[in-house]
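In: how would this look folded up:
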Amino acid sequence: MSEREKDAEILALRHQITVLVRQLSGQRVRFNECDRAFLAALLR
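Out: So this is what the prediction gives:
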């Protein structure tokens, strides 16, 4: 696994944690525009 792939994986995991924290705070978990943009950029 290259450093770039590791960095991308770390970013994805941090994003998942952010979404889970939102879920725990009682908010309905929905991907907002920033979430979708982040995931789209990560896939490129």
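
In: tell me the mean pLDDT over stretch 15-26?
Out: For stretch 15-26, mean pLDDT rounds to 82.

In: could you shift the numbering so residue one becomes 149, and keep it that way?
Out: Yes, from this point I'll number from 149; that puts the last item at stretch 163-174.

In: tell me where this structure has strands.
Out: With strands called from DSSP state E, the chain shows none.

In: in it, which residue is most central in space?
Out: Most central residue of the chain, judged by C-alpha distance to the mean C-alpha position with Cα atoms, centre = their mean, is H163 at 2.6 Å.

In: that one against R184, yeah?
Out: No: using Cβ atoms under 8 Å, H163 is not in contact with R184; the gap is 11.0 Å. In short, each C-beta sits where N, CA and C put it, glycine included.

In: contact partners for the residue nearest to the centre of the chain?
Out: 183, 186-187 (Cβ atoms under 8 Å, 6 or more residues apart in numbering).

In: can you turn the buried part of those into a PyMOL selection?
Out: Of those, the buried ones go into a single PyMOL selection, burial set by 16 or more other Cβ atoms under 10 Å:
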select buried, resi 186
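
In: now the contacts of H163 as JSON lines including distance to S150 and pLDDT?
Out: Formatted as JSON lines, the contacts of H163 follow (distance: Cβ to Cβ, whole Å; pLDDT from 0 to 100):
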{"residue": "D183", "distance to S150": "25", "pLDDT": "82"}
{"residue": "F186", "distance to S150": "20", "pLDDT": "82"}
{"residue": "L187", "distance to S150": "20", "pLDDT": "79"}
